[in-house]
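Novice: I would like to see how this sequence folds:
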Amino acid sequence: MGCQTIELQTLNDNEALDLFKAHANINNSSRGLKGMPEKIVKHYGGVLVAIVAVARVLKNQSTPIWKDTLKTLEDGGVDRKLEEAYKCLKLSYDNLKNEKAKELLLISSLFPEDFEILINVLTKIGTGLGSCGENDEHHAKRSVVHAAIMQLIDCSLLLRGEEECINMHDLVHEVALWIGDKYIQSVIDSKVAINKNLRYFFWKGDDFLNELDGKELEVLLIFLDGSKDLEASDTFFIEMKRLKVLILAISEATFKHLVGIAELLFSDDWSEEMMWKNLIPDVIPIDNGGMMNDLIVLHLRHVPNIECLIETENHNYDVSAFSNLVGLHLFYIDVEDLYRGSLPSGFF
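Specialist: Residues are numbered from 1 along each chain as shown. Predicted coordinates for the structure are as follows:
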């Protein structure tokens, strides 16, 4: 893991011990611990985020777990400057009994530092991985994933961000990437070499990837910044037999292009910032040659601001749209009318 300067909020010894005891729920009746809290706190270096994370994981745990924690702290070792904080946060990760929570913490580290991750998006990723039990109902899986996210927040390994978002402390982000170093990678510089045998991968750039060793890949997150047409090799996904979750975030121009040529369009959870009130002409401009006539199935869910599919009130000529549409599914959308203005030819 590359070197990086990380500013940490630190406490003096007394403040650190008081904070640790508060979050670990230690009181005068906790006599069986025999000075272990004081010994463990010495390893923190006063790093607030590490103190809170480890204390909450050890809360209400048995004495043998406390002894194992102290022994691990005394035996381990990482980078000198951040050694104690790394060890403490690694312990917090190791002591999580919830395997789904461990998985979600590593996946969260794929996103760039200070990135606001929508809880709904992280929930979808965790649900898509399906390790809650393959036969569970979808809503049951979502409940398990949501509970795991809440546990990470309670342990301060994830932090509540703006609105319905979470983020990670820079140090936690670094440690999570270090823990998953052999099978997770986040690339925001196209010059960086991509590792092989990855399970979780994040790519952010102007263009689609040329190639990727995807034989072990389970989660693929692609964020494209460019305004170019999306071009991907026909064989790009052919080896990704284990892929369970694919998120493709694209520019507005690329999105509009794909919508215009799609045959099957399934689109969920548009951003509130997308102020489009219709598909035509706000997304697809009106064209005398016809619009979205290749589309066979249209599925929209949780799309804010949309009032109708087609708006032709300010156009005086006949238009053709949705002439091959056979399936229309609208969920949680406040559509007032399917069309406004003259009825496009081929629509019904």
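Novice: in terms of secondary structure, what does the lowest-mean-pLDDT helix or strand in the chain contact?
Specialist: Lowest on mean pLDDT, DSSP states H and E among the helices and strands of the chain sits helix 83-94, with a mean of 76. Where contact means 3 or more Cβ pairs under 8 Å, 6 or more residues apart in numbering; DSSP states H and E, helix 83-94 is packed against helix 48-58, helix 63-75, helix 170-179. Glycine gets a C-beta too; all of them are placed from N, C-alpha and C.
Novice: contact partners of the longest helix along the chain?
Specialist: Ranked by number of residues, the top helix in the chain under DSSP state H is helix 138-154. Helix 138-154 has contacts (Cβ atoms under 8 Å, 6 or more residues apart in numbering) with 56, 96, 98, 100-101, 103-105, 108, 119, 122-123, 126-127, 130, 132-133, 136, 158-160, 166.
Novice: give the helix, strand or coil label for the residue lying closest to residue 262 once chain neighbours are set aside.
Specialist: Counting by Cβ to Cβ, 6 or more residues apart in numbering, residue 295 is the residue found nearest to residue 262 once chain neighbours are left out, at 5.9 Å. When classified by DSSP: H, G, I helix; E, B strand; the rest coil, residue 295 comes out as coil.
Novice: excluding chain neighbours, what is closest to residue 270?
Specialist: residue 303 (4.7 Å).
Novice: should've said residue 325
Specialist: Residue 325 sits nearest to residue 295 (Cβ to Cβ, 6+ apart), 5.6 Å away.
Novice: wait, isn't the one you found in contact with residue 266?
Specialist: No. Residue 295 lies out of contact with residue 266 (Cβ atoms under 8 Å); the separation is 11.4 Å.
Novice: of the two, which one has the most company?
Specialist: Remark: of residue 295 and residue 266, residue 295 carries more neighbours, 23 against 11, as counted by other Cβ atoms under 10 Å.
Novice: check contacts around that one.
Specialist: 262-265, 322, 324-325.
Novice: looking at those, which one is closest to residue 89?
Specialist: For those, the closest approach to residue 89 (Cβ to Cβ) belongs to residue 265, at 42.6 Å.
Novice: the strand or helix carrying the closest one pairs with which strands, parallel or anti?
Specialist: Residue 265 belongs to strand 264-268 when assigned by DSSP states H and E. Using DSSP bridges, strand 264-268 pairs in its sheet with strand 297-301 (parallel).
Novice: gap between the next helix or strand after the partner strand and the chain center?
Specialist: Following strand 297-301 in sequence order, the next helix or strand is strand 310-311 (DSSP H and E). In terms of Cα atoms, centre = their mean, to the nearest Å, the centre of strand 310-311 is found 34 Å from the chain centre.
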